[in-house]
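K.L.:
how would this look folded up:
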Amino acid sequence: MDIEALNETIEESGFSKIGLRAMTGGKIVNIGDDLDNSFDWVDGYITKSELNGTCALDLGWDGWEIDEEWFEEMLREIKSYSMLSDNEQLVVIGGREGFEGNDVNEIVIEDAVCLCIL
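P.N.:
Okay, here's the model as predicted:
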């Protein structure tokens, strides 16, 4: 999917919070699926504390477009994670509300939906 098609998909969704997510643990989603909430991590370990949304890398949607250079940078970042060694599914997710996560470039999107699969 090129950046123009991605921006069009996001605009048509009407969502204001957009992120890039790797579906881990063998989880596969389809376009339009609701995503499960993420869990909090402390010092590299998952906790039993569920967040009020799904974690992703913030794609910086400004209501007009995602910058192609920023998108490419976030793709490189997510692909650098060791969890991608098993070829997890990469998806763009969206929602109406969200907040900044604890990690650099992290966003937590409430009631997240899969917008597209990369």
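
K.L.:
ok, and for the helix or strand containing Glu72, which residues are buried?
P.N.:
For Glu72, the host element (DSSP states H and E) is helix 68-80. For helix 68-80, the neighbour count (16 or more other CB atoms under 10 Å) marks 71, 74, 78 as buried. (Each C-beta comes from the backbone N, C-alpha and C, glycine too.)

K.L.:
How far away from the center of its chain is that helix?
P.N.:
Distance of helix 68-80 from the chain centroid (CA atoms, centre = their mean, to the nearest Å) equals 12 Å.

K.L.:
Tell me which other helices or strands that helix touches.
P.N.:
helix 3-13, strand 17-23, strand 54-58 (3 or more CB pairs under 8 Å, 6 or more residues apart in numbering; DSSP states H and E).

K.L.:
try it again with 6 Å
P.N.:
Helix 68-80 sits against strand 17-23, with contacts defined as 3 or more CB pairs under 6 Å, 6 or more residues apart in numbering; DSSP states H and E.

K.L.:
Which elements pack onto the strand it packs on?
P.N.:
strand 54-58, helix 68-80, strand 89-95, strand 106-110.

K.L.:
how many degrees apart are the second one and strand 89-95 in direction?
P.N.:
Inter-element angle recorded for helix 68-80 and strand 89-95: 130 degrees (by axes from the mean of the first three to the mean of the last three CA atoms, to 10 degrees).

K.L.:
same check, this time on the first one
P.N.:
Taking the same axes, to 10 degrees, one finds strand 54-58 and strand 89-95 inclined to each other by 100 degrees.

K.L.:
What pairs with strand 54-58, parallel or antiparallel?
P.N.:
strand 17-23 (antiparallel), strand 106-110 (antiparallel) (DSSP bridges).
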